[in-house]
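Peer 1: Any chance you could fold what I've pasted below:
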Amino acid sequence: MVTPTLRVADRPGDLGWMVLAHGEIYAEQLGWSTEFEAMVAAIVAEYAAGHDPAREGAWIAEVDGERAGCVSLVADEEPGTARLRILLVTPTARGLGVGSLLVGTCLDLARKAGYERVTLWTVAGLDSARRIYEAAGFRLVREEPQHRFGHEVIGQTWTLALR
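Peer 2: Alright, predicted model coming up:
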């Protein structure tokens, strides 16, 4: 069996790959517009412009030496809250435990950094991601219809209490 590995997203090309992979995969699989890629680019740029390594991080998963997924954890505007962002597993790496490894790494940092909760935003219909979030203990706290990325979607907010 192939074993995924995880590393900090600190090599040249890592942050750009996060944006590229999100844009290409979501356009191909869901028909999402470049509005989504622009949103991911803004998230990555904000992280790159300055983050606290003791409380925030970004990771790349690799399978056989190739990038296979990514995620980040950043401080939220709400005190005591971290935000899990840009979780992605490439189609060829799905089913290998990459998503759970990435989310678990975020939660480990969140606990170590003393956050009280972790929140995330996603859309309904991403069933594999939903199963990962539920298995980690996240609970759906809000849903609302939205027009985003060229489509009508149901935006979802999930939260995990750490204490």
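
Peer 1: Retrieve the pLDDT associated with the residue nearest the centre of the chain.
Peer 2: Nearest to the centroid of the C-alpha atoms of the chain, with distances taken as Cα atoms, centre = their mean, sits Leu87, at 2.2 Å. In the predicted model, Leu87 carries a pLDDT score of 97.

Peer 1: That one: what secondary structure?
Peer 2: In terms of secondary structure, Leu87 is strand; the call rests on DSSP: H, G, I helix; E, B strand; the rest coil.

Peer 1: how about it, what does it touch?
Peer 2: Leu87 makes contact with 69-71, 99, 102-103, 120, 129, 132, according to Cβ atoms under 8 Å, 6 or more residues apart in numbering. To be clear about C-beta, it is placed using only N, CA and C from the backbone, and glycine gets the same treatment.

Peer 1: let's see it at 6 Å
Peer 2: Under the criterion of Cβ atoms under 6 Å, 6 or more residues apart in numbering, the contact list for Leu87 reads Val71.

Peer 1: Would you mind measuring from it to Asp108?
Peer 2: In this structure, Leu87 and Asp108 are separated by 15 Å, where distance is defined by Cβ to Cβ, to the nearest Å.

Peer 1: can you check Phe138 too?
Peer 2: As judged by Cβ to Cβ, Phe138 and Asp108 stand 15 Å apart.

Peer 1: Between the two, which is the more surrounded one?
Peer 2: Of the pair Phe138 and Asp108, Phe138 is the one with more neighbours under other Cβ atoms under 10 Å, namely 23 against 12.

Peer 1: and the more buried one, what are its phi and psi?
Peer 2: Phi and psi for Phe138, reported as degrees, to the nearest 10, are phi -70, psi 150.

Peer 1: Surely it and Thr157 touch.
Peer 2: No - under the criterion of Cβ atoms under 6 Å, Phe138 makes no contact with Thr157, lying 9.9 Å away.

Peer 1: Low-confidence ranges, this structure, go.
Peer 2: Counting by pLDDT under 70, the chain contains low-confidence residues at 1.
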